[in-house]
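*Asks:* Below are the sequence and a predicted model for it; my questions follow.
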Protein chains: 2
Amino acid sequence: MNYCNMNIEQLSHEKALVEKKLEGYKKLELDLAMSRGIPNAAMIELTAELFKDIDVYSNRIGLDGTDLGTYNQGLLSGIKEAKILFSELLCINVENIIIGGNSSLNLMFDMFSQLMLHGNCDSDRPWCHEDKLKFLCPVPGYDRHFSICEYMGIEMINIPLGPNGPDMDIVEELAANDSSIKGIWCVPQYSNPTGITYSDETVKRLASMKTAAKDFRIFWDNAYNVHHLFTGTCDSLTNIFDQCTNHGNGNRVYIFTSTSKVSIPGSGISAIGASVENISDILSRMKMQTIGYDKLNMLRHAIAFPGKDAVNEHMKKVADILAPNFNITLEIMENELAGKGIASWSSPGGGYFISFDGLKNTASRIVELCEEHGVKLTPAGAPFPYRKDPDDSNIRIAPTYPSYEEMKTAAGIFTECVKMASLEILIGDKNEQ
Amino acid sequence: MNYCNMNIEQLSHEKALVEKKLEGYKKLELDLAMSRGIPNAAMIELTAELFKDIDVYSNRIGLDGTDLGTYNQGLLSGIKEAKILFSELLCINVENIIIGGNSSLNLMFDMFSQLMLHGNCDSDRPWCHEDKLKFLCPVPGYDRHFSICEYMGIEMINIPLGPNGPDMDIVEELAANDSSIKGIWCVPQYSNPTGITYSDETVKRLASMKTAAKDFRIFWDNAYNVHHLFTGTCDSLTNIFDQCTNHGNGNRVYIFTSTSKVSIPGSGISAIGASVENISDILSRMKMQTIGYDKLNMLRHAIAFPGKDAVNEHMKKVADILAPNFNITLEIMENELAGKGIASWSSPGGGYFISFDGLKNTASRIVELCEEHGVKLTPAGAPFPYRKDPDDSNIRIAPTYPSYEEMKTAAGIFTECVKMASLEILIGDKNEQ
């Protein structure tokens, strides 16, 4: 029965039932981590198996004939075989690619540092010399993106993220009229956390829109480009680099990706895709910063994944491990919460998260209740700039890390906590009336 | 005979002899690289042998019991076993250490970016908001240090580097009276390129001196701390961290080091040593920048080098490979150039370079002549800020990369080119008189 149609007695009765269930869970003294998008043990084992026999110390000669086990001034932008791999994955030419270290986040952060201290090839001055800097942030989004803006002192503007991407009417209006708006954060495929993929129209509008700032940049964090959960229902994403180029805005986009959730998290490789001018900008900084990223680890990845097909084949096995966790979570949410008028949630085709929306002013309380009952969630508000969800209603659920049985229990606890927080609010409202 | 005592006929006769020798070398059509400090093939093979059987994919559990093959929010500053290793190498506590990625240069560059955009714990404002920024640069020094300052827009002041380190009278005078001087670059042991090691007194004066800028920092690039060339004659360096702490200036120094020339160049690990306040400063940026550097590569290194003794044992074998190249170079320089009044050079106990000083205005010409005869040297001026050697007399010789036979030939060509450039200058002078 829909909670919103219940009278105070019915609500109180329901609350007593939920309390009893939660007491039972409390006795289990659980400690389940669902706060971050972390691959689980089975996926790590699968990947470790793929890498453990690759000996890049004995076989170090790269495709270009050089020894990759020493410095090589000519390989600042990465080794050829790794560029070919990412060229296939991003559908972009090898000359438009730089291979990075173990973290695409690091590449994004360093890009911002560069923009702040030097600007880009289309800037009149370093961004730190501008009076005001703003960035468009589709919400809910990835907390670490927003942390970078906050660290750099860039004001963030919330943009509603719908099923087809950010609300482009608002994006176009703001970008066209405010020259202090320097860019937009995007997780275009299996978005973190809502799981949506930007539509063709959204991509085209982002690529073609007018921007008041001529050095406007799209930070295109394509973190989940091969992270499908279910075979046969893969989302596909329009190539933004081609779209930007076709619309005469070739410098507009920086594409980021990594193998963090393909190979070993924290020991993978990353990449940037961008126009030749942007690549040249980035290399002009990188040549001051490093002799180059770890080439043996690039080689290791190129051997483990001799092409796009090998990556997809591996990711199918990964999906087989991850999908049951998503399915059981969605099933329990459906059984426990559907029709109660207190919640909605995403049903992603890939990526790492389920995005949950409860009643207004319940998210923090749900997270608190879950923690009390042994389930650690991402803090409420995390997917928003300044960690501030205006409605306090959104929660990012990360079902990848627990085992299947743990996930089943965690989802059970979560749904009871959702009920409890909702009942508290609804009973409070009734009492106030 | 000393060239400076020769008359024009004697000089011309000598020049004809040198020309003949150089013609002989030209016919060999050589292509010898001596431009950068790059380990040679034998050293890489030695190290590859040490690493090739280490399987960190199957055995991933760290000293603290966590799986190092996944993200771990608690390991931002590096894995315990790697910290213990660098703690032994730098004689500094584990809580004062951060383990970095494959490049200490990258750690230094990122430190500068942070200082520019945020300052440090002792700053009133970000460095980029200061009217004027200056840095002290002992010369000759490491070109990549100077490139970072140039990139950041920091004015560099040359400080003469003597056998005991930078001229401390000048350093103290400048640092005490100019608050725009924010720090000093140091390669304190087996300095790049002169090979000297800072004396106890120099280290103490750096640690205790008054600085007008309260957020003054020493960039202590201890790149060659275990890179002795000859057993029994190792230079030892006073612990600057202890000295700074003892003098109430614990925040003054950032210590950098790496395994770049210990393990595989470009695929090693790096470290920062600093006060707890500095470490906290750095981590406050790093937590925005990355989940952490490559932990499996840290583990790989901790397994290959289970302590300081293992590193020293390995470096003895490395020295056995490198020392003959240094010896033959010095022997040929002694035989060909000593007593001619046209050159002096360093005789380092460790590190990667021999620093050569010719007559005024000969360095660029020597490098040019060498290139014409098949030997590529570091560009003249490179060891100075803005690539400008005021005397055009210094050349950095990097004897590590060629094989022994190649080095012998290269040194032969080099010494003839030195003679030729000197004779050209001396004959020119005579003709002008």
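*Replies:* On my side now, so go ahead. Numbers count the residues shown, from 1 in each chain, chains lettered A, B, ... in the order given.
*Asks:* Now do the residue of the stretch 301-433 of chain A found nearest chain B: how many residues are near it, please.
*Replies:* Chain B sits closest to residue A:401 of the stretch 301-433 of chain A, with a gap of 8.7 Å, by Cβ to the nearest Cβ. Yep, even glycine has a C-beta here, placed from its N, CA and C like the rest. For residue A:401, the neighbour count with other Cβ atoms under 10 Å in any protein chain shown is 24.
*Asks:* if I read this right, it contacts residue A:38, doesn't it?
*Replies:* Yes. Contact criterion Cβ atoms under 8 Å: residue A:401 and residue A:38 qualify, at 4.4 Å.
*Asks:* ok, which stretches of the stretch 151-300 of chain A are strands?
*Replies:* With DSSP state E, counting those that start in this stretch as the criterion, the stretch 151-300 of chain A has strands at A:155-162, A:165-166, A:181-186, A:217-221, A:253-258, A:270-273.
*Asks:* Format these as JSON lines; extra columns: mean pLDDT and mean neighbour count.
*Replies:* Below are the strands of the stretch 151-300 of chain A laid out as JSON lines (pLDDT from 0 to 100; neighbours: other Cβ atoms under 10 Å in any protein chain shown):
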{"stretch": "strand A:155-162", "mean pLDDT": "98", "mean neighbour count": "17"}
{"stretch": "strand A:165-166", "mean pLDDT": "98", "mean neighbour count": "24"}
{"stretch": "strand A:181-186", "mean pLDDT": "98", "mean neighbour count": "25"}
{"stretch": "strand A:217-221", "mean pLDDT": "98", "mean neighbour count": "24"}
{"stretch": "strand A:253-258", "mean pLDDT": "98", "mean neighbour count": "25"}
{"stretch": "strand A:270-273", "mean pLDDT": "98", "mean neighbour count": "26"}
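*Asks:* Any chance of JSON lines for those strands, columns distance to residue A:112?
*Replies:* Compiled in JSON lines, the strands of the stretch 151-300 of chain A are given as follows (distance: least, Cβ to Cβ, whole Å):
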{"stretch": "strand A:155-162", "distance to residue A:112": "13"}
{"stretch": "strand A:165-166", "distance to residue A:112": "20"}
{"stretch": "strand A:181-186", "distance to residue A:112": "10"}
{"stretch": "strand A:217-221", "distance to residue A:112": "9"}
{"stretch": "strand A:253-258", "distance to residue A:112": "10"}
{"stretch": "strand A:270-273", "distance to residue A:112": "13"}
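*Asks:* Can you tell me which residue sits nearest the middle of chain A?
*Replies:* residue A:192 (3.7 Å; Cα atoms, centre = their mean).
*Asks:* Report all helices and strands that the helix or strand of chain A with the lowest mean pLDDT contacts.
*Replies:* Every helix and strand of chain A was ranked by mean pLDDT, DSSP states H and E. The lowest is strand A:32-34, at a mean of 88. The contact analysis (3 or more Cβ pairs under 8 Å, 6 or more residues apart in numbering or on different chains; DSSP states H and E) places strand A:32-34 against strand A:375-377, helix A:404-432.
*Asks:* which of the residues in the helix or strand residue A:148 falls within are buried?
*Replies:* Per DSSP states H and E, residue A:148 falls inside helix A:143-152. Going by neighbour count (16 or more other Cβ atoms under 10 Å in any protein chain shown), the buried part of helix A:143-152 is A:143-149, A:151-152.
*Asks:* All the helices of the stretch 301-433 of chain A, residue numbers only.
*Replies:* A:308-337, A:363-372, A:404-432 (DSSP state H, counting those that start in this stretch).
*Asks:* export the ones you listed to CSV and tack on mean neighbour count and mean pLDDT?
*Replies:* As requested, these are exported to CSV (neighbours: other Cβ atoms under 10 Å in any protein chain shown; pLDDT from 0 to 100):
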stretch, mean neighbour count, mean pLDDT
helix A:308-337, 17, 96
helix A:363-372, 20, 98
helix A:404-432, 20, 95
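*Asks:* can I get these in CSV with distance to chain B?
*Replies:* As requested, the helices of the stretch 301-433 of chain A are exported to CSV (distance: least, Cβ to the nearest Cβ, whole Å):
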stretch, distance to chain B
helix A:308-337, 14
helix A:363-372, 16
helix A:404-432, 16
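*Asks:* now for the ones you listed, which one comes closest to residue A:219?
*Replies:* helix A:308-337 (22.9 Å; Cβ to Cβ).
*Asks:* how much space is there between the spatially closest residue to residue A:72 that is not a sequence neighbour and chain B?
*Replies:* Nearest non-adjacent residue to residue A:72, counting by Cβ to Cβ, 6 or more residues apart in numbering or on different chains: residue A:66, 5.6 Å away. In this view, residue A:66 and chain B are 11 Å apart by Cβ to the nearest Cβ, to the nearest Å.
*Asks:* which residues touch residue A:66?
*Replies:* Residue A:66 makes contact with A:72, A:74-75, according to Cβ atoms under 8 Å, 6 or more residues apart in numbering or on different chains.
*Asks:* just the residues you listed: which has the poorest pLDDT?
*Replies:* Least confident of the contacts of residue A:66 in the model: residue A:72, at 76.
*Asks:* Can you give me every residue that contacts that one?
*Replies:* Going by Cβ under 8 Å, 6+ apart, residue A:72 touches A:66, A:292, A:295, B:266.
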